[in-house]
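Asker: quick one, structure for this:
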Amino acid sequence: MTHPFDRRSFLAGGLALGAGLTVLGSDPDWAGASLTNGPGRNGVSTAKPKRGGSVVFGIDTEEGGFDPTSARWDEGGYLYGRTVFDPLAIVTATGGWEPYLAQSITPNADFTEFVITLRPNIVFHDGSPLNAAALHLNLTKQKASALTGAVLQDVNAITVSGPLAVTVTLNSPWEPFPYYLSAQAQTGYIAAPSMLNNPNGTSHPIGTGPFVFQEWVPNSHFTATANPHYWRPGLPYLDQITFKPIITPDSRVDALESGVINIMHTDTPASIKEFRGNKKWSYFDNSGSLLGQADVNCVMLNTSKAPFNNKTLRTAMAKATNAAQYSKIVDLGVNAPLTGMYQPGSPYYTKTAYPKPDPKGAKKLVAQVAKQTGQPVSFTLNATNDPIVERAAQFLQQAWQEAGMKVAIDITTQAALINNALAGSYQAATWRQFGAVVPDLNYVWWSANTVGPPLPLNMARNADPRIQAALVAGRQASTKAAQIKAYSEINQYLAEDIPYIYTDRATWAVVANPKVQNFVNPTSPKGTKCYGFDQGVLWPTQIWVS
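Answerer: Residues are numbered from 1 along each chain as shown. Below you'll find the model as predicted:
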């Protein structure tokens, strides 16, 4: 399903695998490692980088603006963001975090206060200094934003505490707060005050990043050139990078094969099967590179009103849905089937009580619900006009109708689907959401505090007090073991409540001409290997061409 609604797309609105390879998910070890096209074709290089040259990157979306405090970023927005801005922190390859634009991010003993100290002598592209005043402006605008403010609802105060330091005071302990200052969250990117104070600034990004904005022609290209004053010595290697939105997957593949673009990302199973194992191309996917969780393909149910305020019916829906068949038929065996928020290989994975496929049992429960309510089970499934999504909707419609439900499909735009979900004016919707390196980044989607106004981000309206208690416990836990316990409990509670009908996880891949080197091998300022490819987003900083 190609309309995501994760921590990024909330801010955005809303296949031959090799001979003999079985459907992913049939082998318990399938999640052990990412799949690549091998050494020299895997996006990692230890050779001496060459300076100069340019890259054209084909992406699957276009943005409406670039201001990190107000624009609606999705994967394309994050790619633009990592090009012209820098985040305060970066996530390491092992799932920890390190300061990036910040020199340090220091909590007090109970994690109710964090002091963010910036690196000295860094300037924005317009020559203005990166100092505490600039950081304070960014964070206060993030907190006041109708979009990002919901994410920072537990921030109590933001104060300047030194020439390069800002202190953030929280309403309660929040141990994972630095992840919201990292490259994984829009709230972590820092823009120049001149951009933030300009009414038209969102179209003219100014940051401290490795590339300087040159030109944006919406739906055509976004071009940036190397920052000659970049604060990380020797970087970037490229003279220029251009992002080219090509929304249709087949057209993006054609552009790569014809040389119009040099590199692309995709989450389309057919494209993944075409390039995985084809040694003509460099290739990397995130099928096993999980720190927290993958994007979850599912059907989201509105549990606040009929018919899905009835748990018996939600159970019937789950029993009537065969995720393994869905993976094989709809997603061509590329995406592993799911029975929970996490998959094997994630530290948060546990087996859950989510119902197993049981068509006969589903049919009995549907009949039971019809008898209880005195009317046939009938509902509408909302979906977008993407061909893959339509195929998915038809697969699900058939399965549910075989269980005795009457299912209509309403094809709409992605924006309308997301708006309906926020407004609660839907019954069921094809959905993709939740991919995050740490589960706390999904707090607003699961919290009982976000079921209602002002912004109901818990769009399934599943107000389970057990989940809320576990979210608080995970946020306040000071040890990894305690965090794993809390988020594993949430996984179990969601499997019991069934606000989501799980199908499979989304796999993202990046494919490139082999001359494009080192595209999934970022490092922190201190040289630590960092998380290279997250749900379609990589780092352009270290890319070079041979």
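Asker: all strands of the stretch 151-300 of the chain, in order?
Answerer: Counting by DSSP state E, counting those that start in this stretch, the stretch 151-300 of the chain has strands at residues 155-162, 165-170, 189-190, 211-217, 221-226, 240-245, 263-266, 282-285, 296-301.
Asker: ramachandran angles for Thr248?
Answerer: phi -80, psi 120 (degrees, to the nearest 10).
Asker: quick check: it vs Thr268, distance?
Answerer: Distance from Thr248 to Thr268, counting by C-beta to C-beta, to the nearest Å: 10 Å. From N, CA and C alone the C-beta is placed, and that goes for glycine too.
Asker: which one's more surrounded, these two?
Answerer: Counted by other C-beta atoms under 10 Å, Thr248 and Thr268 do not tie: Thr268 has more neighbours, with 25 against 13.
Asker: pull out the buried residues from stretch 187-202.
Answerer: By 16 or more other C-beta atoms under 10 Å, the buried positions in stretch 187-202 come out as 187-196, 201-202.
Asker: ok, these vs Thr92, which is closest?
Answerer: Gly188 (14.6 Å; C-beta to C-beta).
Asker: just the residues contacting stretch 257-270, thanks.
Answerer: Contacts with stretch 257-270, where a contact means C-beta atoms under 8 Å, 6 or more residues apart in numbering, come from 2, 15, 55-60, 75, 244, 246, 249, 252-256, 272, 295, 331-335, 388, 506-513, 515-516, 519, 536-538, 545.
Asker: can you tell me the closest non-neighbouring residue to Thr352?
Answerer: Closest residue in space to Thr352, ignoring its immediate chain neighbours: Ala495 at 3.5 Å, by C-beta to C-beta, 6 or more residues apart in numbering.
Asker: in terms of helices and strands, where is the one you found?
Answerer: Per DSSP states H and E, Ala495 falls inside helix 480-497.
Asker: other residues contacting that helix?
Answerer: 175-176, 303, 311, 314, 339-342, 347-350, 352-354, 438-439, 446, 462, 464, 466-467, 470-471, 473-474, 477, 500.
Asker: check which element follows it along the chain.
Answerer: strand 500-505.
Asker: now that following strand: mean pLDDT?
Answerer: Average pLDDT, strand 500-505: 97.
Asker: okay, it in CSV with CA atoms only?
Answerer: What follows is strand 500-505, C-alpha atoms only, in CSV (Å, rounded to 0.1, in the frame of the first residue of the first chain):
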residue,chain,number,x,y,z
TYR,A,500,-5.4,-2.6,12.7
ILE,A,501,-5.8,-5.5,10.4
TYR,A,502,-2.2,-6.5,9.7
THR,A,503,-1.1,-7.6,6.2
ASP,A,504,2.6,-7.2,5.6
ARG,A,505,5.5,-4.8,6.1
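Asker: hang on, the earlier thing: now the buried members of the contacts of helix 480-497.
Answerer: 175-176, 303, 314, 339-342, 347-350, 352, 354, 438-439, 446, 462, 464, 467, 470-471, 473-474, 477, 500.
Asker: just those: which are in strands?
Answerer: Counting by DSSP state E, these place Tyr500 in strands.
Asker: only the buried members of the contacts of stretch 257-270: can you turn that into a ChimeraX selection?
Answerer: Only the buried entries of the contacts of stretch 257-270 go into this ChimeraX selection, using 16+ other C-beta under 10 Å:
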select :2,55,56,57,58,59,60,75,244,246,249,252,253,255,256,272,295,331,332,333,334,335,388,506,507,508,509,510,511,512,513,516,519,536,537,538,545
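Asker: so of the contacts of stretch 257-270, which ones are in helices?
Answerer: 75, 249, 252-256, 272, 388 (DSSP state H).
Asker: residues contacting Lys529?
Answerer: Neighbours of Lys529 in contact, by C-beta under 8 Å, 6+ apart: 92-93, 521-523.
Asker: for the residue lying closest to Tyr180 once chain neighbours are set aside, give me the pLDDT.
Answerer: Once flanking residues are discounted, Tyr180 sits nearest to Thr187: 5.1 Å by C-beta to C-beta, 6+ apart. Per-residue confidence (pLDDT) for Thr187: 97.
Asker: Gly527 versus Gly292, what's the distance?
Answerer: As judged by C-beta to C-beta, Gly292 and Gly527 stand 24 Å apart.
Asker: make that Ser287, sorry
Answerer: Distance of Ser287 to Gly527, computed by C-beta to C-beta: 27 Å.
Asker: tell me which of the two has more neighbours.
Answerer: Remark: of Ser287 and Gly527, Ser287 carries more neighbours, 25 against 8, as counted by other C-beta under 10 Å.
Asker: what about the helices in the stretch 101-250 of the chain?
Answerer: Ranges of helices in the stretch 101-250 of the chain, per DSSP state H, counting those that start in this stretch, are 132-144, 193-196, 249-258.
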